[in-house]
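Enquirer: Quick check, what structure comes out for this input:
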Amino acid sequence: MRKRTATSHHLELRVHELAQLFNSMDPTPFHSKALDCEAETFIESWARGFSPRNPLHLTIHLQHMPLEGDPTALVTGAIHHHFADKADLVRRDLRDIFWQARISLLIGLTFVAVCLLLAEAIGQAGASSAHTSGRPDRARCAPDCRRAARFWPCPALSANAAHTHTPATKASG
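Expert: Here you go, the predicted model:
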């Protein structure tokens, strides 16, 4: 089996100056500045189309270079720092969601277990009270009583009546 080599993907951004790339309202030092929302959205939407295992390369073309010198290392560090911070934030959010899901699962399983135990207890209480009530069951009724029960209730099966039927006997004739 041949090992696949990861395909590298390349994105080129063209901006007039570095200020377009970073959030101008962010007061943090340049190496930890947040990316501009539109630039971040563009880069993320492009990267979502590829496997996370494949390396991504970003090339930024500046039309106006800053007077301080070559900003390559500074921009590279700032972009890596931005997406590393964002990945940490997403991991923490995901950990919180999984914690909440575990708690919800535990509550749900506890509820189901309590319901099953209550159903079992109610079933056992109902079964024991049915055997001690003194009410005859339909199988012990006389055949003529069972036939008639299709049309009107058997007095033996009503709660207030005592069973007075006797099994049918054949008349000798």
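Enquirer: any idea how far Thr72 is from Ala113?
Expert: 61 Å (CB to CB, to the nearest Å). For the C-beta atoms, the positions are set from N, CA and C on the backbone; glycine is no exception.
Enquirer: Can you check the pLDDT for Asp70?
Expert: Per-residue pLDDT puts Asp70 at 78.
Enquirer: wait, is it part of a helix?
Expert: No. Counting by DSSP: H, G, I helix; E, B strand; the rest coil, Asp70 is not part of a helix but coil.
Enquirer: For it, grab the count of nearby residues.
Expert: For Asp70, the neighbour count with other CB atoms under 10 Å is 9.
Enquirer: Show the average pLDDT along stretch 19-34.
Expert: Stretch 19-34 comes out at a mean pLDDT of 71.
Enquirer: swap in stretch 126-138?
Expert: 60.
Enquirer: Bridged to the nearest residue to Lys33 once chain neighbours are set aside, which residues?
Expert: Nearest residue to Lys33, sequence neighbours excluded (CB to CB, 6 or more residues apart in numbering): Phe22, at 4.5 Å. Assessed by DSSP bridges, Phe22 has beta-bridge partners Leu35.
Enquirer: Okay, Phe22 and Glu38: tell me how far apart.
Expert: 11 Å.
Enquirer: any idea how far Phe111 is from Ala119?
Expert: For Ala119 relative to Phe111 (CB to CB), the value is 13 Å.
Enquirer: ditto for Ala73
Expert: Taking CB to CB, one finds Ala73 at 57 Å from Phe111.
Enquirer: Can you show me the strands along the chain?
Expert: Along the chain, the segments classed as strands by DSSP state E run 9-15, 56-62.
Enquirer: so who does Arg14 touch?
Expert: Counting by CB atoms under 8 Å, 6 or more residues apart in numbering, Arg14 touches 60-61, 63.
Enquirer: if we can go back for a sec, export the strands of the chain to a markdown table and tack on distance to Gln124?
Expert: Shown next, in a markdown table, are these (distance: least, CB to CB, whole Å):
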| stretch | distance to Gln124 |
| --- | --- |
| strand 9-15 | 65 |
| strand 56-62 | 64 |
